[in-house]
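[1] When you get a sec, could you give me coordinates for this:
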Amino acid sequence: MGFLPTSKLSLAIAIVSLSAVSGCSSIRPDWKDCSHLLSAPKEGMRSDLQFSDGNAHQPVEARLNGVSAQCHGDEDTIYMAVNAGLKVKRDLAKGAEVLRLQVPFLISLLDKDDKPYDLNSSGYRVAFPKNEDTLYPVAGFKLELKQGGRAVIALTPEAVYIN
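    Predicted structure coming up:
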C-alpha cells in the first residue's frame, strides 16, 4: 500500500501547513502603520458644538484625542483604515438627561503635491447616558487615497441631532 512512515508523514503535514499559512498574506492585505499620512490641523482638533432640543441649549465640546492609521495599497491606491480618538464633554449643570448627537468631521484627501482632490463630510454618533459628562469614543472609518497622497481630518462645529 505505500503508507508514509510517521516522520515523513509529519514532515509532509508540516510542509502543507506552512504553505497554507504563508499563502494567507497574499489573500489578506498586509496592513502597516501609516499614521504619518494622516494629520489634523491645530484649528480642527477641537470644536464647540451647540445642541438644541427645542427647550434648552446644551453646549458640547469635542476634541480629537489621538489619530492613527493602518494602510495597504497597490500601484495606484492607498487603502487607509483610520481610528480617531475623541473626547466629548458636556456641562451637567446645563443638562444631565440622555443626549444623542453627531460629532461632525471634514476629511480632505491631498495628492502627492498636497493639492486637495476630494473633500468629505462625515459624522460619528455619540450618546451621553443620563448624568454622564465625558465620553471617549473611537471613530473608525476607511479612506482611499491616491498613491503618494495623504489625508487631513478636522472637527467642525455643527452638531446634528439624531432621533
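
[2] What mean pLDDT does the longest strand anywhere in the chain get?
    The strand that spans the most residues within the chain, counting by DSSP state E, is strand 57-73. What strand 57-73 shows for mean pLDDT is 92.

[3] Quick one: list the elements packing against that strand.
    Using 3 or more C-beta pairs under 8 Å, 6 or more residues apart in numbering; DSSP states H and E, the elements in contact with strand 57-73 are strand 32-33, strand 38-39, strand 46-52, strand 77-90, strand 99-110, strand 150-155. (Each C-beta comes from the backbone N, C-alpha and C, glycine too.)

[4] Switch those strands over to CSV; also include mean neighbour count.
    What follows is the helices and strands packed on strand 57-73, written out as CSV (neighbours: other C-beta atoms under 10 Å):
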stretch, mean neighbour count
strand 32-33, 10
strand 38-39, 18
strand 46-52, 15
strand 77-90, 18
strand 99-110, 19
strand 150-155, 21
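
[5] Does the closest residue to Ile78 other than its chain neighbours lie in a helix or a strand, and which?
    Distance criterion C-beta to C-beta, 6 or more residues apart in numbering; nearest residue to Ile78, sequence neighbours excluded, is Leu145 at 4.3 Å. Secondary structure assignment for Leu145, by DSSP states H and E: strand 138-146.

[6] roughly how far out does that strand sit from the chain middle?
    Here the centre of mass of C-alpha atoms in strand 138-146, compared against the chain's by C-alpha atoms, centre = their mean, to the nearest Å, lies 6 Å away.

[7] contacting residues around stretch 101-119?
    44, 47, 49, 51, 60, 62, 84, 86, 88, 120-126, 139, 141, 143, 145-162 (C-beta atoms under 8 Å, 6 or more residues apart in numbering).
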